[in-house]
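**Q** Need a 3D model of the following:
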Amino acid sequence: MDHREILGKLTPEGKASLLSGRDFWSTRPLEEYGIPSVVFSDGPHGVRRQAEKSDHIGLNESLPATCFPPACALANSWDVSLAEEQGRLLGEEAAAQGAGVLLGPALNIKRNPLCGRNFEYFSEDPLLSGKLAAAYVRGIQSAGVGACVKHFAANNAETRRMVSDSVIDDRTLREIYLAGFEIAVKEGAPCAVMAAYNKVNGTFASENERLLRDILRGEWGFGGVVMTDWGGGNDRPAAVAAGCDLEMPHCAYADEDVAAAVRAGKLSEEDVDACLLRLFSLAEKYGGREGGGTYDSASHAAFARRCAAESVVLLKNEGVLPLAEGEKVCLIGRLARFPHTQGAGSSAVNAVADGCLSVIGGYGVEFVGYAPGYGRRRAGRRSMKRAVALAERSDTVLFFLGPDDLGESEGIDRENMKLPQFQLDVLSEIVQTGKKVVAVLQCGGAVELGCAERCGAIVLPSLGGQEASRALLDVLTGAVNPSGRLAESFPAAYADCPSASRFPGRPMTTEYREGIYVGYRYYLTAKVPVRYPFGFGMSYTSFSYSDLEVNGEDASFVLTNTGGRAGAETAQLYIGKKDAAVFRPALELKGFCKVRLGAGESRRVHIGFGEKAFRYFNAATGAWECEGGAYEVCIGASCEDIRLRASVQVAGTGAPPPYAGMSLPGYETGRVNDVPKREFAALLGREVPPSGYAFDKKGRIQTGENSTVNDLRYARGFAGRAFYRVVRGIYFMLRAVGARKAAHTVRMGAFDLPVRGLAKFGGLSRPRTEGLLLLFNGKFFAGLRRFFSGGKRKGKAKNK
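**A** From the prediction side, this is the model:
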């Protein structure tokens, strides 16, 4: 039956009921009309299909699946073909498990190193993020499974992520935080986009007409489904009007709100129908999957190993690597036995990850032994002495550092950028033995290295997935020549980060005062030294660049492997304009190419100029403009290691400068680590919104649907404050009895959950939610009456 004909047979209530899920992971079918249910599954780097008890934060176990390298590792490969193949294999596994749409990839920008979810994201650069995400999407969808890119947009911190307002100027939004999504949508054509939890400039992303209607659908031509993140719906009628088709999971009172808004004339039935037509198309293509298929798990594991190996970044090597045949090697560090290979949260994959201790045999080195050196939280003197004694019997020590399996997590931002001090204390003792030491960094983001800088070699496998240990040993022994390059800068210290003083933000807002100067764009422009720059990585061979030629379409040059073994180099194209009238970063990545060359081999490499290579977003004209004049085209091995330069003349669009008459000294110099409020307001073109709580004279706040559990400590009503203390008490009780994962889940999923989230995940009706709010606001008896008279949440609306 024609989809529009189906619409004519549905009541407003029936239509509204289709705009939220049937349950936690699937949409509601219309079997009588041939519209099947669509099943979703988490899966940025591995399918997390929950067959029975469902949750979205990793508490309940999922079906076994391959854990591929997370985005933090994959991005270090700078390999688009690798990303596409990983996507294809993910799609195969999702199809075998009965999922129709995979919730990934995630391509939020790594604005700050402390974002707890950075391990799920590709890069601090939108071009690299977008290209890898587009390839990932193409791969997933080539296997007949839909891909849902997320989280759209400006979701760059975990703290208060469901209620915080990202305050950001238009140019920064377009050039940094939307550009990767634009590439993914235009070049990958995903079937779905997931709106972020947060607000963007005062409006929740799932209700933001500027983001969804004007930009995503209007400018970029996206015709697929837009859905909320789980529990991310706020005002459902407003979201439908903005073009957000689906709220997940099911929420009956949101359905009721939509039907009521249509009947009251506050929401057009045409907007509802447009959402339903897109959902019907999604169901027609990706619904009704039975699962029960098979895939070659051995070949998937082999690919995961290859992918992880190509993502390893060699940061330092003073003649220590590769390890020689027969070299006496020992392993020190708990992470050598219990590796940190993925982050915690909704992306956690049910897979077995062997540690290096389990797999080091057969690599041609003489394994001397293993010492944990430190425990989960501390290092005892006895353990330290055993580690030192083991090191003294070895030629080379492989020392493993990084947070534990819960140290990088969805829902919680990192407290600092430091490696655990107790690990560094042990490492310091090992370094003093005078033995060769290789520091192995198992972490999903940038860290301060501390005494690890004194090691003869530093290797970053990042979080490499289930095959990370084998891949690491492949690289350390020279079976694989390291070719990973950093997809994010490693600042020398956290204080050097441009957003250090404003992360994660104030209670109500996160101010993006640094503007376009994110990551290397800031460090290069403000001349702030870093420990390791964006794009950096070493090899066991060497490469030379020569004969640069530039025309209107691309830059080409000759790349030569000048070393004695085959290897791969990632050549990077950067563009800058020294005499720019409109402020801009010193250099910006505009293209890249990973090239594999045999020993002594040369090849001419071409890197094209994209349509926006020389453009900036002009907030005054609302368009991508080009300032005419001379631009510098740079080819390098990193953003700091520029090998070739050429000048090219580019015609401008003639647009007036957008900042004429404004005083923006921080942005003009790139020194944006401490931009005054008035300067940020000038860039925004409006007043900076209030960022703190609105306390009354008693230090209390009015509680609303978007007040979080943490906010309830300031609630006017005793019931609200008591509720907060109960949740807090549960957390500390779980910690005290050793239930660390359960305690982590409470911390990750409860403290920043708003009241509307409590209602939706708890299955409360609107009257009961209103009763809770009355209780939290000190109207005890009225709240009790409303809560207990509200009854249970209503069932599904009938279609006819």
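**Q** check contacts around Ala571.
**A** Shown in contact with Ala571 (Cβ atoms under 8 Å, 6 or more residues apart in numbering): 545, 557, 559, 592-595, 605, 607, 635-637. Quick note: C-beta positions are derived from backbone N, CA and C, even for glycine.
**Q** ditto for Ser62
**A** If you count contacts by Cβ under 8 Å, 6+ apart, then Ser62 has 42, 47-51, 348-350 around it.
**Q** Looking at those, which has the smallest pLDDT value?
**A** Least confident of these in the model: Ala51, at 67.
**Q** Can you add pLDDT, neighbour count and distance to Asn118 and give the contacts of Ala571 back as a markdown table?
**A** What follows is those, written out as a markdown table (pLDDT from 0 to 100; neighbours: other Cβ atoms under 10 Å; distance: Cβ to Cβ, whole Å):
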| residue | pLDDT | neighbour count | distance to Asn118 |
| --- | --- | --- | --- |
| Tyr545 | 99 | 19 | 31 |
| Phe557 | 99 | 21 | 33 |
| Leu559 | 99 | 21 | 31 |
| Phe592 | 99 | 20 | 20 |
| Cys593 | 98 | 17 | 25 |
| Lys594 | 99 | 18 | 22 |
| Val595 | 99 | 16 | 28 |
| Val605 | 99 | 20 | 30 |
| Ile607 | 99 | 18 | 27 |
| Ile635 | 99 | 24 | 28 |
| Gly636 | 99 | 22 | 24 |
| Ala637 | 99 | 21 | 24 |
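**Q** Can you flag which of those belong to helices?
**A** Using DSSP state H, no member of the contacts of Ala571 falls within helices.
**Q** So which of the residues you listed is the closest to Gly729?
**A** Phe592 (50.9 Å; Cβ to Cβ).
**Q** That closest one touches Thr570, doesn't it?
**A** Yes - if you go by Cβ atoms under 8 Å, Phe592 and Thr570 touch, sitting 6.0 Å apart.
**Q** Tell me, how many residues neighbour Gly34?
**A** Counted with other Cβ atoms under 10 Å, the neighbours of Gly34 add up to 14.
**Q** Same question for Gly738.
**A** 9.
**Q** Any buried residues in stretch 769-779, and which?
**A** Of the residues in stretch 769-779, 769-779 count as buried by neighbour count, 16 or more other Cβ atoms under 10 Å.
**Q** which of the residues you listed sit farthest apart?
**A** So, those by Cβ to Cβ: farthest apart are Thr769 and Gly778, at 16.8 Å.
**Q** which stretches of the chain have low pLDDT?
**A** For the chain, the stretches with pLDDT under 70 are 51-60, 791-800.
**Q** Need the residues that contact stretch 173-180.
**A** In contact with stretch 173-180 (Cβ under 8 Å, 6+ apart) are residues 107-109, 122, 126-127, 129-130, 133, 153-154, 156, 168, 200, 215, 516, 518, 612, 616-617.
**Q** again with stretch 376-388
**A** 332, 334, 371-375, 404, 422-423, 425-426, 429-430, 433.
**Q** What is the nearest of those to Leu449?
**A** Gln423 (11.6 Å).
**Q** coming back round to it: need the overlap of contacts for Phe592 and Thr570.
**A** Contacts common to Phe592 and Thr570, judged by Cβ under 8 Å, 6+ apart, are Trp78.
**Q** Skipping adjacent residues, who's closest to the residue sitting nearest the centre point of the chain in space?
**A** Residue closest to the average C-alpha location in the chain (Cα atoms, centre = their mean): Tyr121, at 2.8 Å. Of all residues not flanking Tyr121 in the chain, Asn108 sits nearest, at 5.0 Å (Cβ to Cβ, 6 or more residues apart in numbering).
**Q** Is it correct that that neighbour is in contact with Asn156?
**A** Yes - applying Cβ under 8 Å, one finds Asn108 in contact with Asn156, separated by 5.7 Å.
**Q** ok, these two, which is more surrounded?
**A** Neighbour count, other Cβ under 10 Å: between Asn108 and Asn156, Asn156 has more, with 30 against 25.
**Q** Look up how far Glu392 lies from the more buried one.
**A** Shown here: Asn156 relative to Glu392, a distance of 46 Å by Cβ to Cβ, to the nearest Å.
**Q** what does Gly180 give?
**A** 49 Å.
**Q** Looking at the two, which is more packed in?
**A** Comparing Gly180 with Glu392 by neighbour count (other Cβ under 10 Å), the higher total belongs to Gly180, at 27 against 13.
**Q** Okay, and the more buried one sits in which element?
**A** Per DSSP states H and E, Gly180 falls inside helix 179-188.
**Q** Following the chain onward from that helix, which element is next?
**A** strand 192-195.
**Q** From the chain's centre, how far out is stretch 704-716? Work that out for me.
**A** A distance of 27 Å separates the centroid of the chain from that of stretch 704-716, by Cα atoms, centre = their mean, to the nearest Å.
**Q** Report how many residues lie close to Gly369.
**A** 16.
**Q** what about His631, is that helix, strand or coil?
**A** Actually, residue 631 is Tyr rather than His. At Tyr631 the chain is in strand, as set by DSSP: H, G, I helix; E, B strand; the rest coil.
**Q** Can you name the residues bridging to it?
**A** Tyr631 has these beta-bridge partners by DSSP bridges: Val648.
**Q** How many residues are close by it?
**A** Tyr631 has 23 nearby residues by other Cβ under 10 Å.
**Q** One more: Ser647?
**A** 11.
**Q** what's it in contact with, if anything?
**A** 630-633.
**Q** How about Pro657?
**A** Here Pro657 is in contact with 581-582 (criterion: Cβ under 8 Å, 6+ apart).
**Q** mind listing what's buried in whichever helix or strand Ala134 is part of?
**A** Per DSSP H and E: Ala134 is located in helix 126-142. Neighbour-count burial for helix 126-142 flags 126-141 (criterion: 16+ other Cβ under 10 Å).
**Q** between that helix and helix 179-188, how many degrees?
**A** Relative orientation of helix 126-142 with respect to helix 179-188: 40 degrees, computed using axes from the mean of the first three to the mean of the last three Cα atoms, to 10 degrees.
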